[in-house]
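Undergrad: Here is my input, please return the structure:
(one chain, ligands or ions: 1)
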Amino acid sequence: MSNIILLGPPGAGKGTLAKQLIAVYKIPHISTGDMFREAIKNGEPLGRLAASYINEGHLVPDEVTIGIVRERLSQPDCANGYLLDGFPRTLVQAAALDTIGSDLGRPINVVINIACSENELVRRISGRRVCRKCGTPYHIETMKPKVEGVCDVCGGELFQRKDDTKESFLVRLGHYYNETKPLENFYKELGLLHEIDGGTGVQKSLKAAQKIIDEVTK
Ligand code: AP5
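TA: Here you go, the predicted model:
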C-alpha cells in the first residue's frame, strides 16, 4: 500500500508529479491547496477564512488544516493508499498526521522530497497557468497547452493564481524555509525520507518517484 507525502518548496512540481503518480497507483490526490481553492471558489466559510491567508502567501492555521485532512483521510477511498501534496507543512501538522495515520491504521510509508533551485522556482511560478476546472498546471514556456489558454485535459480556462505574484511567492518561500524545510529532518529520523531532483523534467521526476515507491512498497 502506498501512503505518500510529496514535500518541496512552492513551484517544485508537487502538483504536477502528484497528478501523474495517482494515475499510476490509482490512489486519491489530497492537495490542501486545491481543497482551499475549491472552498474559495464555492464561497464556503472555510474558503473565506483560507483566502485571507493564501492570497498573501501565509499558511492557513494548523488547527484548520489538520481538521480537513483528518476528515479526508478517514474517507473509504483512502483505505488502499493516498497521496498528500502540500500537507504537512509544519512540525505541528507532521505530528498530527502521525497520530491520524495511527488512529486510522493508515500510516505514511514514503516521503518524497522534490529538490529544485530557487532560480528555477521563480521561473516556474511566474510562468505557471492553472486550469480553473480541474487544476492541471501548465507553464507558458515549458509546458504549454495544445491551444493557448485552454486545458488539454478538460477544456477548462487557464488562469494565473492570485498567490503567484513575486511578493506572495517570496512570503511562501519564507514559510517554506522556516516551517516546512525542518520536516526533512523529521522524516529522515523516521527513515521515511527520499529525495528526487525536480529540475530534470517531468518524465525523469516521475520515473525516479516510481522507483522509490515501488522499492518501499514491494
Ligand atoms: P499549494 O497549492 O500547496 O501551493 P505550494 O506548496 O506553494 O505549491 P505550488 O502549488 O505553488 O507548487 P507545486 O510544487 O505544486 O508546483 P506545480 O506542480 O504547480 O498551497 C497554496 C497555499 O495554500 C499555501 O501558500 C497556503 O496558504 C495554503 N496551504 C496549503 N496547504 C497548507 C498547509 N498544509 N498548511 C497551511 N496552509 C496551507 O509546478 C509549478 C510550475 O512548474 C508549473 O507551471 C509546472 O508546469 C512546472 N513544472 C512542474 N514540474 C516541472 C518539471 N519537472 N520540469 C519543468 N517544469 C515543471
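Undergrad: where along the chain do the helices fall?
TA: Remark: helices assigned in the chain by DSSP state H are 14-25, 32-41, 45-54, 62-73, 91-104, 118-127, 166-175, 183-189, 202-217.
Undergrad: Pull out the buried residues from the last one.
TA: Same thing as helix 202-217. Buried residues in helix 202-217, counted by 16 or more other C-beta atoms under 10 Å: 205-206, 208-209, 212-213. (C-beta placed from N, C-alpha, C; glycine too.)
Undergrad: Give me the outermost residue of this protein relative to its centroid.
TA: The outermost residue of the chain, judged against the average C-alpha position, is V147 (25.9 Å), by C-alpha atoms, centre = their mean.
Undergrad: Disregarding residues adjacent in the polypeptide, which is nearest to whichever residue of the chain sits closest to the ligand?
TA: Proximity of the chain to the ligand (C-beta to the nearest ligand atom) peaks at G33, 2.0 Å away. Nearest non-adjacent residue to G33, counting by C-beta to C-beta, 6 or more residues apart in numbering: G86, 4.7 Å away.
Undergrad: ok, now L83?
TA: Excluding the flanking residues, the one nearest L83 by C-beta to C-beta, 6+ apart is I4, at 4.5 Å.
Undergrad: For this protein, what lies in contact range of the ligand?
TA: When proximity is defined as C-beta under 6 Å from any ligand atom, the chain approaches the ligand at 8, 10-16, 32-33, 36, 53-54, 57-60, 65, 86-87, 89, 93, 124, 127-128, 137-139, 142-143, 163, 172, 198, 201-202, 205.
Undergrad: buried set for stretch 70-80?
TA: Buried residues in stretch 70-80, counted by 16+ other C-beta under 10 Å: 72-73, 78.
Undergrad: Nearest residue to the middle of the chain?
TA: Nearest to the chain centroid, counting by C-alpha atoms, centre = their mean: D85, 2.7 Å.
Undergrad: circling back to that earlier point, distance of the residue farthest from the centre of the chain from S126?
TA: According to C-beta to C-beta, to the nearest Å, V147 and S126 sit 22 Å apart.
Undergrad: ok, how many other residues are close to C154?
TA: By the measure other C-beta atoms under 10 Å, the count of residues near C154 is 12.
Undergrad: Which phi and psi values does it adopt?
TA: phi -130, psi 0 (degrees, to the nearest 10).
Undergrad: Identify the residue nearest it in space, chain neighbours excluded?
TA: C134 (4.5 Å).
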